[in-house]
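Asks: The amino acid sequence is not available; the structure is as follows:
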């Protein structure tokens, strides 16, 4: 038989193998979306076995194994997931995800020690590939915070927000650094650096409002919430925030109407459910208040405020 015939057979075989790998990948991705992580990992393992040099298959396999480890935190499950990302770094060295996720895994599991240096190197490697990887800056901020370097941690949190001003974890990180009432000025200084780039972003103004609330400057807090609502009257985060202020000021009627409007837009909004419960408690109706707290716990079973109030 001619050489062309064998080439044809090889190409036919290869196309069948790659087609099967793609089907397995799609099945694994569907399983991942349904949170069937063991099923997802099994499908993706077969996909990688059929096409071992496709970087996206490896990343998805690593994520499936990572979530399987989170549900079954055994050392061997952890190592299997981590080795998947290490394999991905070998076959696809310019995919920043493999470095970032391994870095994150180290932070999730070790929480300190010699692993911090490895996690730091991996996060920096991901940023060499993709300088706009906000989550990698978050890893570096967490590492700096664990090393008790608050100034460096704040810098990295700010870098993450300069890339993504909607990044809740970075805001929470800054808030964690500047918890005290006397530290709110430093927190707002960090927010101001982000605001210089994103002047009209509501997420930043909501954070300013929250900070002024912590400082006890209710007038300034209301101003920032109203600034958000003047551009976006249905911004639920701002509505919840300003309603909480009215509760603190004793204007229960105004607060109740706002919480009611929020729940019409989003019946599962935990802060609004808790707010309605708190208003009912203040009005002397603890039984009905607990109904709202129980609704909040069906959405968020670990919500500390609701758990305390139903006792």
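Replies: Nice, thanks for sending it over. Worth saying up front: this structure is predicted, and the values here are computed from it rather than measured.
Asks: going forward, measure contacts between C-alpha atoms and count neighbours the same way
Replies: OK.
Asks: Which residues does the helix or strand harbouring residue 207 contact?
Replies: Taking DSSP states H and E as the criterion, residue 207 maps to helix 202-215. By Cα atoms under 8 Å, 6 or more residues apart in numbering, the surrounding residues in contact with helix 202-215 are 165-166, 171, 181-182, 184, 187-188, 191, 194-195, 218, 220-225, 227-228, 237-238, 241, 245.
Asks: next one: stretch 131-149
Replies: For stretch 131-149, using Cα under 8 Å, 6+ apart, the contacting residues are 100, 103-104, 107, 111-112, 116, 120, 123-124, 126-127, 150, 152-157, 159-161, 163-164, 169-170.
Asks: can you give me the helices for the stretch 101-250 of the chain?
Replies: Ranges of helices within the stretch 101-250 of the chain are 115-129, 134-146, 150-163, 168-177, 184-195, 202-215, 218-231, 236-249, based on DSSP state H, counting those that start in this stretch.
Asks: circling back: show me how to select, in PyMOL, the buried members of the contacts of stretch 131-149.
Replies: Entered in PyMOL, the line below selects the buried ones among those, by 16 or more other Cα atoms under 10 Å:
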select buried, resi 100+103+104+107+116+120+123+124+126+127+150+152+153+154+155+156+157+159+160+161+163+164+170
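Asks: how distant is stretch 192-212 from the center of its chain?
Replies: A distance of 19 Å separates the centroid of the chain from that of stretch 192-212, by Cα atoms, centre = their mean, to the nearest Å.
Asks: For that stretch, buried residues please.
Replies: 192, 194-195, 198, 202-212.
Asks: Could you single out the nearest of these to residue 60?
Replies: Checking the buried residues of stretch 192-212 against residue 60 with Cα to Cα, the nearest one is residue 203 at 30.7 Å.
Asks: Now do stretch 22-35, average pLDDT.
Replies: Averaged over stretch 22-35, pLDDT sits at 88.
Asks: what does stretch 116-124 give?
Replies: 95.
Asks: now swap in stretch 77-87 and tell me
Replies: The model assigns stretch 77-87 a mean pLDDT of 92.
Asks: what's in contact with it?
Replies: Contact partners of stretch 77-87, identified using Cα under 8 Å, 6+ apart, comprise 58-59, 61-63, 65-66, 68-69, 98-99, 101-102, 105.
Asks: Let's have those residues in JSON lines, adding pLDDT and neighbour count.
Replies: JSON lines is the format used below for the contacts of stretch 77-87 (pLDDT from 0 to 100; neighbours: other Cα atoms under 10 Å):
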{"residue": "58", "pLDDT": "93", "neighbour count": "27"}
{"residue": "59", "pLDDT": "92", "neighbour count": "22"}
{"residue": "61", "pLDDT": "91", "neighbour count": "29"}
{"residue": "62", "pLDDT": "91", "neighbour count": "27"}
{"residue": "63", "pLDDT": "92", "neighbour count": "22"}
{"residue": "65", "pLDDT": "92", "neighbour count": "26"}
{"residue": "66", "pLDDT": "89", "neighbour count": "26"}
{"residue": "68", "pLDDT": "88", "neighbour count": "22"}
{"residue": "69", "pLDDT": "86", "neighbour count": "20"}
{"residue": "98", "pLDDT": "96", "neighbour count": "29"}
{"residue": "99", "pLDDT": "97", "neighbour count": "25"}
{"residue": "101", "pLDDT": "96", "neighbour count": "25"}
{"residue": "102", "pLDDT": "95", "neighbour count": "24"}
{"residue": "105", "pLDDT": "92", "neighbour count": "17"}
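Asks: Inside strands: which ones of the residues you listed?
Replies: Secondary structure from DSSP state E places none of these in strands.
Asks: Could you dump the helices of the stretch 101-250 of the chain into TSV with distance to residue 36 added?
Replies: Formatted as TSV, the helices of the stretch 101-250 of the chain follow (distance: least, Cα to Cα, whole Å):
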stretch	distance to residue 36
helix 115-129	28
helix 134-146	25
helix 150-163	31
helix 168-177	26
helix 184-195	39
helix 202-215	33
helix 218-231	40
helix 236-249	32
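Asks: nearest to residue 296, of those helices?
Replies: So among these, helix 236-249 is nearest, using Cα to Cα, at 14.4 Å.
Asks: Perfect, that will be all.
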